[in-house]
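In: For reference, the sequence and a predicted model appear below.
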Amino acid sequence: MKSLGRYEILLEIGRGAMGIVYLGSDAKIHRQVALKCLRPELFEASEETRKRFQQEILALGRLIHPNIVTIFDAGEDAATRTAYIVMEYVEGTSLGQLLKKGTPLSIDQVTRIGIDICRALDFAHSKGVIHRDIKPGNILLTSELGTIKVTDFGIARLDEGGQTQTDHLLGTPQYMSPEQCKGEKVDGRSDLFSVGALLYELLTRQKPFPGENVAAIMHQVLSKTPAPPATLSPDIPKPLSDLVMKALEKEPGQRFQSGAEMADALSSVSSHREPARPVGEERPTLALSGSQDEIPPTPAAQRRRWAWIPVAVAAAAILGWWSFKPRTEPTVAPTSETKTVAPVPMGKVDLTSTPTGAEISINGEPKGPTPLRLDLPAGSHELVAKMKGHHPLEATISVASGETVPLNLKLTEEESAP
């Protein structure tokens, strides 16, 4: 098999129980993509498997977020009877691979990972999507920006208006919540239990619920309480240890009740501190905090106007979750004219667009297609988004110190000639 639809298959990059993942190329726009293909024999033999594959398409199609792998397309190849999903290709590694290699992670890095995962899940939960298989192998880290991406919603289920459902045992036992182990109906708090198990392992390099087989692991999940992380390593702050233990409570009502709540708690215990400012410098005011903003399309019938979009971004120049260390400047002997000069505050803007793939330029400089994460100096910047067959979108974004805020650009199609 050399192609699927208009997508050329380049090489196999992974496989699992349901199918194979290939690195592919979109011939139309010359973009690398990931092609997730359901094995034909499963597609034809099992209606349940077919439904689960369609479920993943529905789940991913609802989720446009900087920390979630983006779906571009889906289809079925008539010649080979192969169903496939076309997804964003993430060049990097997974947390599972980092754990296998023994790659050390600082407390700040683990905390940052947890915050990004919780924000991604909070967004998914707001769309009625429960992941159900949060584990290190399903958390990707991009090599270029160090961005966390949640992937593999293959066993996600949609909450369709609270309809009753009995779940099959799907997931990875070491990270499954007690209610998921028992096959009960789950909600977003089950995913947060899984995040707690993942953070426990990242901090301690031990699984909270070890066992030689599935039955032994599930017994641990259902009836045993793991040792608090702080008792296993003196380097783990007790507030962070307590937070992880709260996420691992057996009863959903005793855990964090939303991804946003858990992300806020992680932020509050983070050991990362804002850099000190010179005396007399005013503390910057946050323009926004934590919400996802959208730039609406510019109507074709109206004159273009600059939309003022206040965007809160990080004060420290943090590249993804990796710590940034400013260069050490040469020491200058103090004189009467020597002044303390503060470093230029930097921050991030996470850009997505509807449709995906809009070419972005900032202050006249091309930056590439969406989805895109940009590090920008604080201040105003002129943004232009262009896409073939759509009206250009122009906006002024105001970058201020604070948290990274996702920004979605909505482009309108050009009217076809009569």
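Out: That came through fine. Numbering: from 1, shown residues only.

In: Can you report how many residues neighbour residue 117?
Out: Neighbourhood size, residue 117 [other Cβ atoms under 10 Å]: 29. For glycine as for every other residue, the C-beta is placed from the backbone atoms N, C-alpha and C.

In: element containing it, please.
Out: helix 107-126 (DSSP states H and E).

In: Next secondary structure after that helix?
Out: Proceeding N to C from helix 107-126, the next assigned helix or strand is strand 129-130, under DSSP H and E.

In: hang on, the earlier thing: which elements pack onto the helix holding residue 117?
Out: strand 148-150, helix 188-204, helix 259-269 (3 or more Cβ pairs under 8 Å, 6 or more residues apart in numbering; DSSP states H and E).

In: With just CA atoms, put it into PDB.
Out: Only the C-alpha atoms of helix 107-126 are listed here, as PDB (Å, rounded to 0.1, in the frame of the first residue of the first chain):
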ATOM      1  CA  ILE A 107      10.000  19.200  39.600                       C
ATOM      2  CA  ASP A 108       9.100  22.300  37.500                       C
ATOM      3  CA  GLN A 109       9.100  20.200  34.300                       C
ATOM      4  CA  VAL A 110       6.800  17.600  35.800                       C
ATOM      5  CA  THR A 111       4.500  20.300  37.100                       C
ATOM      6  CA  ARG A 112       4.400  22.000  33.800                       C
ATOM      7  CA  ILE A 113       3.600  18.700  32.100                       C
ATOM      8  CA  GLY A 114       0.700  18.200  34.500                       C
ATOM      9  CA  ILE A 115      -0.700  21.700  34.000                       C
ATOM     10  CA  ASP A 116      -0.700  21.300  30.200                       C
ATOM     11  CA  ILE A 117      -2.300  17.800  30.300                       C
ATOM     12  CA  CYS A 118      -5.000  19.100  32.700                       C
ATOM     13  CA  ARG A 119      -5.800  22.000  30.500                       C
ATOM     14  CA  ALA A 120      -6.100  19.800  27.500                       C
ATOM     15  CA  LEU A 121      -8.400  17.400  29.400                       C
ATOM     16  CA  ASP A 122     -10.500  20.300  30.700                       C
ATOM     17  CA  PHE A 123     -11.100  21.400  27.200                       C
ATOM     18  CA  ALA A 124     -11.900  17.900  26.000                       C
ATOM     19  CA  HIS A 125     -14.300  17.400  28.900                       C
ATOM     20  CA  SER A 126     -16.000  20.700  28.100                       C
END
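
In: and the angle for it with helix 259-269?
Out: Angle between the axes of helix 107-126 and helix 259-269 is 160 degrees (criterion: axes from the mean of the first three to the mean of the last three Cα atoms, to 10 degrees).

In: How far does helix 107-126 sit from its chain's centre?
Out: Computed by Cα atoms, centre = their mean, to the nearest Å, the chain-centroid distance of helix 107-126 equals 7 Å.

In: Return the set of buried residues in it.
Out: The neighbour-count check on helix 107-126 (16 or more other Cβ atoms under 10 Å) flags 107-126 as buried.

In: how about low-confidence regions in the stretch 251-400 of the chain?
Out: In the prediction, the stretch 251-400 of the chain carries residues with pLDDT under 70 at positions 271-344, 399-400.

In: Residue 66 against residue 147, yeah?
Out: Yes. Counting by Cβ atoms under 8 Å, residue 147 is a contact partner of residue 66 at 6.9 Å.

In: which one of those two has more residues nearby?
Out: Neighbour count, other Cβ under 10 Å: between residue 66 and residue 147, residue 66 has more, with 27 against 21.

In: Would you check how far apart the more buried one and residue 263 are?
Out: Plainly put, residue 66 is 14 Å away from residue 263 if you go by Cβ to Cβ, to the nearest Å.

In: ditto for residue 397
Out: Distance from residue 397 to residue 263, counting by Cβ to Cβ: 23 Å.

In: Same check on residue 73?
Out: Counting by Cβ to Cβ, the separation of residue 73 from residue 263 is 31 Å.
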